[in-house]
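> compute the structure for the input listed below.
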Amino acid sequence: MQPHPNNDLRKFPSEQGKGLAGTIIIHVALLLLLVFFAFSVPPPPEMEEGIMVNFGTDETGLGMVEPSPPAVQKETTPPPPSAAAVKTNEEPLLTQTTEDAPEVKKVDPEAEKKKLEKIEADKKLREERETEKIRKTQEETERKRIEAEQQRQVDIMNRTKNALANSKNAGTNSTSEGIAGGPGNQGVQNGSVDSKLRGPGGGLGDNGISYVLQGRGIQKLTTPKYDYQGEGIVVVEVSVDQQGKVVQAVPGKSGSTTLDEYLLKVAKDAALEAQFDVKQDAPAIQKGTITYNFILK
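Residues are numbered from 1 along each chain as shown. The predicted structure follows:
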């Protein structure tokens, strides 16, 4: 039996296989060529020879004989420092084996409380002093205003009295008026020239005291006790009950020529000791004045 003819043809490679094999062979050959020729290191270029130039130190010169080079000076180096000098110059190295911890101050609650209380007390004291200073300034301003107003009223009254007295006594040469006897114009400074009520003593009296209380006589009129280099007139407004006792005294009323605190005080004290006549049909509180004339001694 003869073999099938197609079996022999299968043993030969196909055209596609031939083409793949040829492509692989060509690429391998190109790779080898690149490795051996394209990737090789080119030899270094030959060194070019330069032009020799004569040795010298200047740009100019003359002659054919090369001068000898200058003598080389040997450098001198300082000798190394001795071990003793090194030890002397070296500063001792300070070392510390232990580290001091920061000191924490303990706060005493009681001391802190006292400190705060003192600060608060000082603040309060400053405020009180400032308030007192303002009060005194206001009082001084008010005192000066009252003094100026009272002086103005006194001047007006004096001018009015002088005008009335001059008109009433026109054509006479009288220099005295009153019932107490002696020279002077009996009465009080803030009284009326038409009034017949006169305090005892004439003028401001020999003792410098007079009073005005409608329909009431005086039983006790205390002289102020003072030893003071000041002068002026102090008018005290008094409130008197039916028994004749002074229950209230306010110094510095209209007609006063001074607002000296000391003179006002002693005048008030003396007025409170005054005693007037008892009068059952008088008002429960009757007001009048006591005038004190303080003269330099």
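
> any idea of the mean pLDDT in the helix or strand hosting M157?
Take DSSP states H and E as the rule and M157 turns out to sit in helix 109-168. For helix 109-168, mean pLDDT rounds to 84.

> all further residue positions should be reported with the first residue as 511.
Understood, numbering begins at 511; the last thing we discussed is helix 619-678.

> show me what that helix is packed against.
Applying 3 or more Cβ pairs under 8 Å, 6 or more residues apart in numbering; DSSP states H and E, we find helix 619-678 packed against no helix or strand. In this view, the C-beta of every residue, glycine as well, is placed from N, C-alpha and C.

> dump whatever helix or strand comes next after it to CSV, restricted to CA.
Per DSSP H and E, the first helix or strand lying C-terminal to helix 619-678 is strand 719-722. Extracted C-alpha coordinates of strand 719-722, given in CSV (Å, rounded to 0.1, in the frame of the first residue of the first chain):
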residue,chain,number,x,y,z
ILE,A,719,-23.2,141.9,123.4
SER,A,720,-26.8,142.9,122.4
TYR,A,721,-30.0,141.0,121.7
VAL,A,722,-33.3,141.3,120.0
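
> tell me what strand 719-722 is packed against?
Strand 719-722 is packed against strand 796-804, with contacts defined by 3+ Cβ pairs under 8 Å, 6+ apart.

> packing partners for the strand it packs on?
By 3+ Cβ pairs under 8 Å, 6+ apart, strand 796-804 packs against strand 719-722, strand 742-750, helix 771-782.

> ok, residues contacting it?
698-700, 709, 714, 718-724, 726, 731, 734, 736, 738, 740-751, 759, 763, 765, 768, 773, 777, 780-781, 784 (Cβ atoms under 8 Å, 6 or more residues apart in numbering).

> any idea of the mean pLDDT for it?
Taken as a whole, strand 796-804 carries a mean pLDDT of 92.

> may I have the strands that pair with that strand, each with its orientation?
strand 719-722 (antiparallel), strand 742-750 (antiparallel) (DSSP bridges).

> and it, which residues are buried?
796, 798-804 (16 or more other Cβ atoms under 10 Å).

> between helix 771-782 and that strand, find me the angle.
130 degrees (axes from the mean of the first three to the mean of the last three Cα atoms, to 10 degrees).

> tell me which stretches of the stretch 511-660 of the chain form helices.
Taking DSSP state H, counting those that start in this stretch as the criterion, the stretch 511-660 of the chain carries its helices at 515-520, 525-543, 593-599, 619-678.

> format the ones you listed as CSV; extra columns: distance to N564.
Below are those laid out as CSV (distance: least, Cβ to Cβ, whole Å):
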stretch, distance to N564
helix 515-520, 90
helix 525-543, 53
helix 593-599, 51
helix 619-678, 96
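
> just put these in TSV and tack on distance to G571 and mean neighbour count.
Formatted as TSV, the helices of the stretch 511-660 of the chain follow (distance: least, Cβ to Cβ, whole Å; neighbours: other Cβ atoms under 10 Å):
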stretch	distance to G571	mean neighbour count
helix 515-520	98	8
helix 525-543	62	10
helix 593-599	51	9
helix 619-678	96	11
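
> and of those, who's closest to F565?
F565 lies closest to helix 593-599 among the helices of the stretch 511-660 of the chain, at 45.4 Å (Cβ to Cβ).

> quick one: average confidence on the closest one?
52.

> ok, which of the strands paired with strand 796-804 comes nearest K625?
Checking the strands paired with strand 796-804 against K625 by Cβ to Cβ gives strand 742-750 as the closest, at 51.5 Å.

> thank you, goodbye.
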